[in-house]
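# quick one, what's the 3D model for this:
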Amino acid sequence: MTIDLSRRSLVLGAGGGLLAGGASLATTESAEASTIIMKIGSTGARVLHYQRVLTASGYWLGTPDGSFGLLTQQATYALQKAHGRARTGYVDQALWDSGLPKVRATSRLKLDGIEVDLAKQLLMVVRGGVVQVALNTSTGNGERFRYYNGWATAITPKGTFRVFRKSTTETSTNSWVTGPLGSMYKPRFFTSSGVAIHGSTSIPPYPASHGCCRLSTAAQDHLLGSGYLGIGTDVRIY
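Numbers count the residues shown, from 1 in each chain. You can find the predicted model right below:
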């Protein structure tokens, strides 16, 4: 279904489907569609305001620019995951009115490092007990897969780990590392079996990996550039 948001529906918001006397202006389907106020492709002052609010709350999306692109969608997934909302990747009237974009994700452990909540599929950078950065992540999907001459199960291990190496094949001119299960962007490994936090071109809001924690390539660059994912960083997964 293609949704066309008119200027009228954006101005009226949640009440845009009703006349003053309560008469319906549209069918149930179009009324439902009118509650979507921001999604991929949306632009303008409202998007810019939303982006700035998310950024101030730690839902990283790059530089706010007034354009609802893939990074803003990723940040919206993170917001929805942090607060138990449906993982739609768009902003509807209920989410807009909830005030949740102003509420940071919460750390369970309150310990410095990387914290990954498998149930929420959320990766958080924690400093001083406060979540500084919250990111959509996709972890192991629990399925069986062929690995070399045998079989393995796509599980992201729970526990406390530490980033101990990057790939020896990663260079300043080639950030993609190709392994037996595909390509990873600037992986930072935290288990001897090859589980890593790495960038990817596919980060759905549900478990889809072979066991690694996937992030967008831009988010991976941000973590590395900010010193949040250096060698020696603690990674706690539950």
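
# so what's the closest residue to Ser183 other than its chain neighbours bridging to?
Using C-beta to C-beta, 6 or more residues apart in numbering and skipping residues adjacent in sequence, the residue nearest Ser183 is Trp176, 5.0 Å away. Quick note: C-beta positions are derived from backbone N, CA and C, even for glycine. In this entry, Trp176 is beta-bridged to Tyr185, by DSSP bridges.

# shift numbering so it begins at 12
Done: numbering now begins at 12, and the last item shifts to Trp187.

# need the contact list for Trp187.
Trp187 makes contacts with 194-196, as judged by C-beta atoms under 8 Å, 6 or more residues apart in numbering.

# from Arg96, how far off is it?
From Trp187 over to Arg96 the distance is 33 Å, taken as C-beta to C-beta, to the nearest Å.

# show me where pLDDT drops low in the chain?
12-45 (pLDDT under 70).

# do a quick rundown of the helices in it.
Chain-ordered helices for the chain, with DSSP state H as the definition, fall at 18-23, 39-45, 56-67, 81-93, 104-109, 228-236.

# most tightly surrounded among the ones you listed?
Here the criterion is mean neighbour count by mean count of other C-beta atoms under 10 Å, and of those the winner is helix 81-93, at a mean of 24.

# now the angle between helix 228-236 and that one, please.
Using axes from the mean of the first three to the mean of the last three C-alpha atoms, to 10 degrees, the direction of helix 81-93 lies 80 degrees away from that of helix 228-236.

# leaving out the residues flanking it, which one is nearest to the residue nearest the centre of the chain?
Nearest residue to the geometric centre of the chain (C-alpha atoms, centre = their mean): Asn147, 1.9 Å. The shortest distance from Asn147 to any non-neighbouring residue, by C-beta to C-beta, 6+ apart, is to Tyr88 (3.9 Å).
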